[in-house]
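Predicted model follows, preceded by the sequence.
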Amino acid sequence: MRLELRESPPIWLAGMAPILAVGAALVLCAGLIAWTGESVLEAYALLVKGAVGSRFALAETLTRATPLILTGLAAAVAFRAKLWNIGGEGQLYMGALAATWLGTGALDLPAFLLIPVLLIAGALAGGAVLVVPALIKNKLRVDEVVTTLLLNFIILLFVNYLLEGPLKDPMSLGWPQAAPIIDEGLLPKILEKSRLHLGLIIALLAALAIWLVMRFTVWGFEIKAVGLNARGAAFSGINVNGTIIRTALISGGLAGIAGVGEVIGLKGYLTLDLSPGFGYTGIAVAMLAQLHPIGVVVSAFFLAGIYVGADSMGRAVNIPTYLADVLVASSVLCVLVSVMLVRFRIRRG
Amino acid sequence: MSAVLRLENITKRFGSLVANDSVSLSLARGEVLALLGENGAGKTTLMNILFGHYVADEGHVEVEGEALPPGAPHAAIAAGIGMVHQHFTLADNLTVLDNVVLGTESLWRPWQSRAAARSRLDAMSSEYGLTVDPDARVGDLSVGERQRVEILKALYRDARILIMDEPTAVLTPQETEGLFDTLRRLVERGLSIIFISHKLNEILAICDRVMVLRRGKIVHEMPTEGADRHILAEAMVGHAVTRPKADPMAPGDAVLSIRDVSLRSATGGVGLNAVNLQVRAHEVLGIAGVSGNGQVQLAELISGLSRPDEGSLTLFGETLTHPTPAKVVKLGVGRIPEDRHAEGVIGEMSIWENMISEDLRASPISRHGLIDHSAAKARTEAQIERFDVRCPGPDAETRLLSGGNMQKLILARALSREPGLVLANQPARGLDEGAIAYVHGQLLAARERGAGVLLITEDLEELLALSDRVAVIYHGRVSATMDAKTVSPRELGLMMAGHNPQTGPQGPDNAGAAA
């Protein structure tokens, strides 16, 4: 068996590939469900119902999708430039920290000013933490996979320290949590009797903006060129190091905004369990979307639906909710395989 | 004569492309058979089928009358087929002996029989005149010596049929002579050789018989005795092609001056050492040299990719202390890089994106950071027309272009802005005759228009056809320039190997300064 490059992959195949891949992942996981002794069809029906089966379920899925869109965009933009940002989780917490610092009373502004200030501050904080590994990559060729990944743990421990010490809310009855965001800093809800907040609109606008940047601007061109062939990009006059830094600011900024949204839209205060790994799941979101900004929105909804649906399924039947992680992981793997099969065909001999 | 190797009706298709169309070939014992053809004619595909890397759709291969199982390189080696690749497949960090033995011994045996291997290697070396120190690290060897190691590697595996893929591409004329002596000796000992090349005079010098491949088919087969260059060239291309030649012209002012430039190589290899050269308007300065002698560093310097450690780089009267590609382009340098795929284009981007990549931040292609797609595509369409780039349209992916069309795209990008200096680094490498004639014509047209051209090439025929003056680069030093009309290829060959024709081997202090 060998792989042969297709000259021009058929368009219908490229479009169908992710859908077929998700189908394959569902079939794979069916085996695991059958192993637990539950009915496969019933389990999947419960999962779908839990994700989109009611107004409440849908609102929960959209709420969960909000940070995933942003961290997914963060990964997608960075990966386009082959800047392997694995630090979305840390950048998210830095954004949350900036919002907590400025939004708990330090700034006394009306809502229409305070909310943008918090978003921008969070974006800057998230961007700043990614610029450091990007600079080290440019100057010393240190692999950013390692540095961004390790920064996650440093930042999480730093947040832990702040929540146990300087930022600890005296009214929290001993829980490690920060003081609540003042009312002017909170994002309004956009659906009654739900947790869905304005952050969703912000995330959708961000996706649209990134799509426009990648398609119509010099910056987007440079990001793509550097990612596809850095030597060729440098030869044609593109400032490769500068492009990497700009990409880092955009990517880290998006992850930072995700953190701000969770604090001022959903929770209202910073805790150490603000994110159940949104930064890491964002990578899966981006891979599933094949790094396309609009695709990120779709795949974020899809993954959020799996997580929310699996929670609800786990309560109804005896299947561990970890199935969601398995489903997500196998979906990503299947999509990667299907992308390869679109580009290559398998030949015998 | 009995055939030691027979290929019968080999057909191989890649999608709609027929790479080999019912090709039959037989090779006699002690024969040197030339396989001549342009890039893409199907030579490499045929040899890959013979060696078991590809499986033919139709046809079969016989060695000494026995069918060779398809798709099995180890069977091909066991049957006595050895291949010397154009790009050597040696481990630089191992010794010659290690490289030769590598892969011949069982993985399950805990010790090596190095003494036996060494004596066998010594015996082979002296028998075939392939002298090379078995304990030298391959990374320290010259290109000619590495090629000898490749041949020894094949012989060590008892090769009776040797396939040589463009073996002279990296050799000086003298090294080529040495290789030919070796090949003659091998043939005397009963080996058979398939010699793949597109250099006609070499084929006429060493081969007994020549087969010409064109578009996957054998179009011509004849003994080399009685053949001449014109017959072969026409058979290869399909029609008569004449490469343009330079008409004499009076040079103008200096457009490029490099004074005492020294530059350390980023990768630790050869850098540049006190280089002086000057290119004037209306002239082509040709730089000859064996690859790896500082050409990369010289091209990077003028492309704006590196900065001199010492000395100065002056373009059009302006001395650049911090050159960048963008600055150099803006000053009026048109650059044709050595490696089209790695440097010249971004293969996965569209043709229009590659066509405008040097003007990305300039009006009318972009304004306020926004790219004007319609302006970019209009310009691309005009260039495609003017430079005759054969492609489906400006939106097609660049990697799908043939080598010649990709080079035309790069020429269009570099030359359409009417640069005052053209840097052409191996501009004809890997192109077919028609494309070579086109590239040479464009370079000479730029010279006529008033540009100075710095031509870096390993191909002496190209060098002497286009250049007004020539110099040789060796170990990071550039020789004094010579008149291209009076210098002989033999003289250049000696200098490319490090000899100074007047004073013997070139020492550290007698490298000449530019005129």
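Okay, I see it.

Walking through the stretch 201-349 of chain A, point out its strands one by one.
Remark: strands assigned in the stretch 201-349 of chain A by DSSP state E, counting those that start in this stretch are A:344-347.

Also the stretch 251-400 of chain B?
Under DSSP E, counting those that start in this stretch, the stretch 251-400 of chain B gives strands at B:254-263, B:272-280, B:284-288, B:310-315, B:318-320, B:333-336, B:366-367, B:370-371.

Determine which of those strands approaches residue A:332 most closely.
Residue A:332 lies closest to strand B:370-371 among the strands of the stretch 251-400 of chain B, at 32.1 Å (CB to CB). Heads up, the C-betas are built off the backbone N, CA and C, glycines and all.

possible to save the strands of the stretch 251-400 of chain B as CSV with mean neighbour count, mean pLDDT and distance to residue A:212?
Shown next, in CSV, are the strands of the stretch 251-400 of chain B (neighbours: other CB atoms under 10 Å in any protein chain shown; pLDDT from 0 to 100; distance: least, CB to CB, whole Å):
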stretch, mean neighbour count, mean pLDDT, distance to residue A:212
strand B:254-263, 20, 94, 42
strand B:272-280, 22, 94, 44
strand B:284-288, 26, 95, 46
strand B:310-315, 17, 94, 38
strand B:318-320, 12, 93, 37
strand B:333-336, 27, 96, 32
strand B:366-367, 16, 91, 14
strand B:370-371, 18, 94, 9
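
May I have the phi/psi pair for the residue of chain B positioned farthest from its centre?
For chain B, the residue at maximal distance from the C-alpha centroid (CA atoms, centre = their mean) is residue B:368, at 42.1 Å. In terms of degrees, to the nearest 10, the main-chain angles of residue B:368 are phi 50, psi 40.

check contacts around it.
For residue B:368, the contact set (CB atoms under 8 Å, 6 or more residues apart in numbering or on different chains) is empty.

ok, now how distant is it from residue A:210?
For residue B:368, the distance to residue A:210 equals 18 Å [CB to CB, to the nearest Å].

ditto for residue B:236
As judged by CB to CB, residue B:236 and residue A:210 stand 52 Å apart.

Tell me both backbone torsions, phi and psi, for residue B:407.
Residue torsions, per degrees, to the nearest 10, at residue B:407 are phi -70, psi -40.

my bad, should have said residue A:290
phi 50, psi 40.

neighbours around it, how many?
17 (other CB atoms under 10 Å in any protein chain shown).

residues contacting it?
Applying CB under 8 Å, 6+ apart, the residues near residue A:290 are A:18, A:335, A:339.

same deal with residue A:62?
Applying CB under 8 Å, 6+ apart to residue A:62 gives the contacts A:196, A:200, A:301, A:304.

quick one: secondary structure of the second one?
When you say that, I think you mean residue A:200. Here residue A:200 is helix, with the state taken from DSSP: H, G, I helix; E, B strand; the rest coil.

What is the neighbour count of it?
21.

Take the strands of the stretch 251-400 of chain B and lay them out in JSON lines including distance to chain A.
Formatted as JSON lines, those follow (distance: least, CB to the nearest CB, whole Å):
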{"stretch": "strand B:254-263", "distance to chain A": "17"}
{"stretch": "strand B:272-280", "distance to chain A": "19"}
{"stretch": "strand B:284-288", "distance to chain A": "19"}
{"stretch": "strand B:310-315", "distance to chain A": "15"}
{"stretch": "strand B:318-320", "distance to chain A": "14"}
{"stretch": "strand B:333-336", "distance to chain A": "7"}
{"stretch": "strand B:366-367", "distance to chain A": "5"}
{"stretch": "strand B:370-371", "distance to chain A": "6"}
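
Please consider this matter closed, and thank you.
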